[in-house]
Structures are given as C-alpha cells and as structure tokens.
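> Here is the input, now give the coordinates:
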Amino acid sequence: MPIVFARSTTILSHPSFIDAGIMHMRTTVMPALADIESCLGMSLLVDRTSGRCIATSSWRDEESLRASEGRVGLLRDEAAEVFHGRTEVSRWEIAAMHREHHSGRGACCRVTWFTIDPADMDRGLDVWNLAALPKLEEVEGFCSAGLMLDRATGRSVTSLIFDSAQLLDAGSERLDALRDAGSREARAAMTDTCDFELVIAHLHVPEMI
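Numbering: from 1, shown residues only. The predicted structure is shown next:
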C-alpha cells in the first residue's frame with residue numbers, strides 16, 4: 001500500500017477574521033492546490049472560540065510533499081494575511097484512514113495530539129487499527145478516523161469525525177475511555193485535544209487500515 005503524506009498548517013486567527021479566511025481557502029487555496037497534480041485534496045478545521053484553524057493538504061508521496069514546499073508556502077503566507085494570524089507547519093505520514101460513512105454539513109472533528117517513543121510507533125499503529133477502530137465504529141454518529149505520524153520526532157495525531165457536535169459531545173465519555181486505554185496500551189502520552197468544526201472536507205485520502 002502506498003504511503004500518503006500530509007502537511008498541516010495551524011493558523012492562530014482572531015475569531016472575527018475566520019469567515020473571511022474560510023472563503024479565501026475555498027475560493028483561492030483549494031483551486032490552487034487542485035492545479036498541483038500530486039495533491040490529493042485538503043481539509044479545514046475551525047475552532048471559532050479560540051481562533052485556532054488547521055488546514056491540511058494530502059500528497060501522493062513524500063517527494064511530492066517536499067517538491068510543493070515553495071508553492072504552498074506562498075499560499076500559506078497569503079492565507080495568514082487573510083486570517084490575520086500566525087502559522088505553524090507540521091508534516092506527517094498518514095498511517096491510517098477509515099471511513100464508516102462520509103461526513104455532511106455540521107460535522108465536527110475531535111483532534112488529539114500524542115507523543116510516543118519512535119520505537120513504539122508500529123505498536124501504536126497496531127493498537128489503533130486492531131483495538132481502537134472497531135470500538136469507535138460502535139459510537140453513534142461516528143463518520144471516520146485518521147491517524148498521522150511523525151516518526152522522527154515521536155509525535156502523532158488522531159482525528160475523529162462525527163456527524164454533529166451534539167453526537168460528539170454525547171459520546172465524549174466513551175471516547176475519553178477509549179483514548180485513555182489506547183494510550184496506555186500504545187505507551188503514548190496525550191499532549192493536547194480540541195474539538196473543531198469541519199468546514200472543508202476534501203482530503204481524499206484512500207482507505208488505509
């Protein structure tokens with residue numbers, strides 16, 4: 001199975017500029033990325049309370065990801081101006097992607113960041129695929145889940161998409177229990193978690209489990 005890569009840009013925006021930023025991503029950034037043959041798509045997550053927004057683009061392979069740095073850097077600088085925010089970039093291997101069904105309008109995403117010993121990365125991936133995913137499928141409103149890794153630094157991030165914020169909230173206690181149990185088994189430490197509105201869902205990553 002080919003390995004797909006991703007670049008995530010976190011934008012710390014003032015909440016009053018978020019709607020303008022979303023429009024810019026839809027009308028300018030998405031078409032520009034679509035013109036790059038090796039780009040598979042993009043997504044945008046927004047937390048209107050804190051102003052934290054995360055734009056993620058997916059790439060056919062690591063070579064394509066690196067070759068696009070200059071062009072995407074210009075798009076990132078323009079977006080930062082529209083959002084009136086500063087940016088932080090992360091690069092990932094997309095290690096797992098599973099869809100129970102496609103998300104619709106009003107979907108919400110819980111993103112959780114972890115650190116793990118790089119030597120335990122494959123163990124963590126097995127825990128995710130074999131233990132966590134089957135139980136996530138049982139939670140009402142579950143749409144899809146992804147796991148991305150930075151093997152060099154030991155960072156990882158999971159994204160859980162639900163049909164609505166209400167269903168995500170209703171399942172939070174169960175999701176927390178699954179996260180804590182999986183973290184212990186994978187020897188991973190959670191560093192941050194946040195719920196986001198899923199405003200653009202065109203990452204187009206194939207099923208990977």
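
> Okay, now the unreliable bits of this structure?
1-2 (pLDDT under 70).

> Show the residue spans covered by the strands in the protein.
For the chain, the strands defined by DSSP state E occupy 4-12, 39-46, 52-59, 86-99, 108-116, 142-150, 155-162, 188-202.

> would you list the ones you listed in CSV and tack on distance to Asp19 and mean neighbour count?
No exception for glycine: its C-beta is placed from N, CA and C like everyone else's. Supplementary listing: the strands of the chain in CSV, determined by distance: least, CB to CB, whole Å; neighbours: other CB atoms under 10 Å:
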stretch, distance to Asp19, mean neighbour count
strand 4-12, 14, 21
strand 39-46, 9, 23
strand 52-59, 11, 24
strand 86-99, 18, 17
strand 108-116, 18, 20
strand 142-150, 24, 23
strand 155-162, 22, 23
strand 188-202, 10, 17
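
> Of all those, which one is nearest Ala170?
Put simply, out of the strands of the chain the one that sits nearest Ala170 is strand 155-162, at 9.1 Å, with distance taken as CB to CB.

> For that closest one, enumerate the helices and strands it packs against.
Counting contacts by 3 or more CB pairs under 8 Å, 6 or more residues apart in numbering; DSSP states H and E, strand 155-162 is packed against strand 108-116, strand 142-150, strand 188-202.

> Need the residue closest to the centroid of the chain.
For the chain, the residue sitting closest to the mean C-alpha position, by CA atoms, centre = their mean, is Ser159 at 5.3 Å.

> That one and Trp113 touch, don't they?
No - at 10.3 Å, Ser159 does not count as touching Trp113 under the criterion of CB atoms under 8 Å.

> Could you name every residue contacting both of these two?
The contact sets of Ser159 and Trp113 do not overlap (CB atoms under 8 Å, 6 or more residues apart in numbering).
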